[in-house]
Each structure stands twice: as C-alpha cells, then as structure tokens.
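Q: Here is my input; please provide its structure:
(one chain, ligands or ions: 1)
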Amino acid sequence: MVALLDSMTGDHPARPCLVLANSAEAGGLAKAEARGVPTAVVDHRPFKGDRPAFEAALQAELEKADAEILCLAGFMRILTEGFVRPWQGRMLNIHPSLLPKYPGLNTHARALDAGDTEAGCTVHEVIPDLDAGPLLGQATVPILPGDTPDTLAARVLKQEHILYPAVLRRFASGDRDPLLIDTRD
Ligand code: 3YE
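A: Model (predicted):
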C-alpha cells in the first residue's frame with residue numbers, strides 16, 4: 001500500500017484519495033496519515049457475518065472519496081459478487097503466487113512443498129471468483145536451496161513493491177496488457 005501511495009506523484013495518472021481499512025489497528029493507516037492521504041476504517045466485526053452490510057459501508061466510504069480505482073493491498077476479506085460487480089474492471093489485487101498456481105492462503109509453503117524452482121506474485125483484476133480475474137502483471141523470482149516460507153516471502157515481497165506500482169501506473173493510463181517481470185538470471 002505504501003509503495004502504491006509513494007508511486008503516485010509527478011506525471012502519474014492517478015492520485016491516492018483514500019486508504020480504507022477493515023481494522024483500526026492496520027499499520028497502513030498511520031503511514032497514510034503521515035503522507036497526508038485521507039483514511040477511513042470500516043471494521044467488519046460488528047457486522048457479524050452480514051457481508052452485504054459491511055460492504056455497503058465500504059462502498060459509502062469509497063463514494064464519499066470519489067474513488068475511481070480500488071487497489072486491494074493486504075486486504076484479507078473475500079468480497080461478494082454484489083460488491084465486486086460494480087467495481088469490475090476498476091479493482092485490482094496483488095496475490096503472492098504465480099497465479100493460476102496457488103490461489104488462497106499459504107502460497108509460499110505450498111510452492112516449496114511442491115518442489116517448485118520459481119515463485120512470484122501476480123496483480124489481477126478482481127472478479128467474484130477468488131484470485132481468478134484477468135492477469136495484469138506477474139513477477140517471477142527464483143526459489144533457492146534452503147528457502148523457507150519466510151525467506152521466499154521476503155524475496156517475493158520485494159517484487160510486490162515493484163510490480164504493483166508499475167501495474168497501477170499502466171492500468172490508470174488504460175493499459176491492460178500484462179506486465180511480466182523476471183528476476184531470474
Ligand atoms: N474477493 C473476491 N475476488 C478476489 N478478495 C481478495 C481478492 C479477491 C477477493 O479475487 N471476490 C482469506 C483469503 C481471502 C479468507 O479466507 N478470509 C476470510 C476471513 C478471514 C478472517 O476472518 O480474517 C473471509 O471469509 O473473507 C483479497 C484477498 C482475499 C484473501
């Protein structure tokens with residue numbers, strides 16, 4: 001999220017209008033405030049499983065901010081079709097695997113368990129099916145001998161901070177062609 005905020009300067013076609021979190025404890029809130037970016041919190045917990053009501057509150061904040069593009073970053077809720085449809089084509093997510101491999105959770109452990117020699121991250125459009133939307137960009141890293149889920153996650157995270165801003169810049173200027181980054185020698 002911080003990498004996205006810090007990328008939107010100069011001739012970038014977008015500007016950050018809101019950082020919206022579903023937890024008041026989200027570390028990104030202070031980082032956004034430090035950068036002068038408006039913030040809001042819609043805690044999902046009081047909604048007790050009423051996802052449409054939670055999402056209506058999210059939608060109200062996004063409309064107040066006049067948001068045009070929505071970037072999920074560290075947001076760990078599955079969104080319902082009712083929320084996704086109106087945003088489809090304008091909502092991005094970053095996922096820590098080379099989709100379509102390893103949708104869902106524990107991606108790095110799963111790549112290591114499978115004996116993969118490469119891993120990475122994917123930016124995709126959000127559709128109702130989890131982690132299944134059109135691919136907008138992918139960065140590939142090597143899996144090295146001795147890697148653990150943590151060492152691999154750190155290598156991938158570095159690329160997430162490069163890939164997501166690069167894809168958003170292209171996306172905001174209307175370019176949907178997938179951006180492919182390969183960091184292997
Ligand atoms: N929603 C849709 N399509 C997508 N949300 C995200 C991507 C994406 C999306 O492509 N429709 C964690 C995995 C979800 C999970 O199971 N979350 C639970 C709640 C867990 C908790 O209580 O913290 C849930 O039921 O939402 C963003 C990434 C979502 C990862």
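Q: Next up, identify which helix or strand the closest residue to residue 142 other than its chain neighbours is on.
A: For residue 142, ignoring the flanking residues on the chain, the nearest one in space by C-beta to C-beta, 6 or more residues apart in numbering is residue 184 at 4.9 Å. (Each C-beta comes from the backbone N, C-alpha and C, glycine too.) Following DSSP states H and E, one finds residue 184 outside all helices and strands.
Q: show me what contacts residue 184?
A: The contact partners of residue 184, by C-beta atoms under 8 Å, 6 or more residues apart in numbering, come to 118, 140-142.
Q: Give me every residue in the chain lying close to the ligand.
A: Selection of the chain residues close to the ligand by C-beta under 6 Å from any ligand atom yields 72, 75-79, 84, 93, 105, 126, 128, 130-131, 133.
Q: which one of those sits closest to residue 149?
A: Nearest to residue 149, judged by C-beta to C-beta, of the residues of the chain next to the ligand is residue 105 at 11.4 Å.
Q: Just the strands from this protein, written as ranges.
A: In the chain, the segments counted as strands under DSSP state E are 19-21, 39-41, 70-72, 91-95, 118-125, 135-142, 179-182.
Q: Same list (the residues of the chain next to the ligand) but as a markdown table, adding pLDDT and neighbour count.
A: Below are the residues of the chain next to the ligand laid out as a markdown table (pLDDT from 0 to 100; neighbours: other C-beta atoms under 10 Å):
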| residue | pLDDT | neighbour count |
| --- | --- | --- |
| 72 | 98 | 16 |
| 75 | 97 | 17 |
| 76 | 97 | 8 |
| 77 | 97 | 13 |
| 78 | 98 | 9 |
| 79 | 98 | 22 |
| 84 | 98 | 19 |
| 93 | 99 | 22 |
| 105 | 98 | 9 |
| 126 | 99 | 23 |
| 128 | 98 | 15 |
| 130 | 98 | 13 |
| 131 | 98 | 18 |
| 133 | 98 | 22 |
